[in-house]
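**Q** Sequence first, predicted coordinates after that:
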Amino acid sequence: NFSQGAKLDAKADLSEAAKARGIDFFLVAFVDLRGVLRTKMVPASAIKQIQRDGAGFAPAATWLDFGPHAADLLVIPDASTLLQVPFSPELAIVMGDCFIE
């Protein structure tokens, strides 16, 4: 029987949560200015680096007012938003905070 587990702190170590909960992949996500959910699939083995450095997205492709030469949009996962997919618990979604370098 599937259970989400306890809610994590925003800065909790997602690599430890992955081990404890059987997560193999994370969808690091944010919502763009038009309301579209944007995601990047990250293997659990790389989530610690993504928590530190962010997942890179092209700002021009996310309806932000930047050209193709703009710095990457970095999305830092917020562990308190972790949600395992109930019908595929090896996959989890985590919302992130956006930053431009």
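**A** Noted; the coordinates are in hand. Numbering: from 1, shown residues only.
**Q** which ones are touching the spatially most central residue of the chain?
**A** Closest to where the C-alpha atoms of the chain average out (CA atoms, centre = their mean) is residue 28, at 1.8 Å. Contact analysis of residue 28 by CB atoms under 8 Å, 6 or more residues apart in numbering lists 39, 40, 42, 50, 55, 75, 77, 94, 96. Every C-beta, even on glycine, is put in place using the N, C-alpha and C of the backbone.
**Q** what is the mean pLDDT for stretch 11-28?
**A** Per-residue pLDDT over stretch 11-28 has a mean of 97.
**Q** mind listing what the helix-or-strand element of the chain with minimal mean pLDDT pairs with, with the direction of each?
**A** When each helix and strand of the chain is scored by mean pLDDT, DSSP states H and E, strand 55-57 comes last, with a mean of 93. Its sheet considered, strand 55-57 pairs with strand 73-77 (antiparallel) by DSSP bridges.
**Q** With just CA atoms, put the partner strand into PDB.
**A** Presented in PDB, the C-alpha positions along strand 73-77 are these (Å, rounded to 0.1, in the frame of the first residue of the first chain):
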ATOM      1  CA  LEU A  73      17.200  30.000 -15.700                       C
ATOM      2  CA  LEU A  74      18.200  27.900 -12.700                       C
ATOM      3  CA  VAL A  75      15.500  26.100 -10.700                       C
ATOM      4  CA  ILE A  76      16.500  25.000  -7.100                       C
ATOM      5  CA  PRO A  77      14.200  22.300  -5.800                       C
END
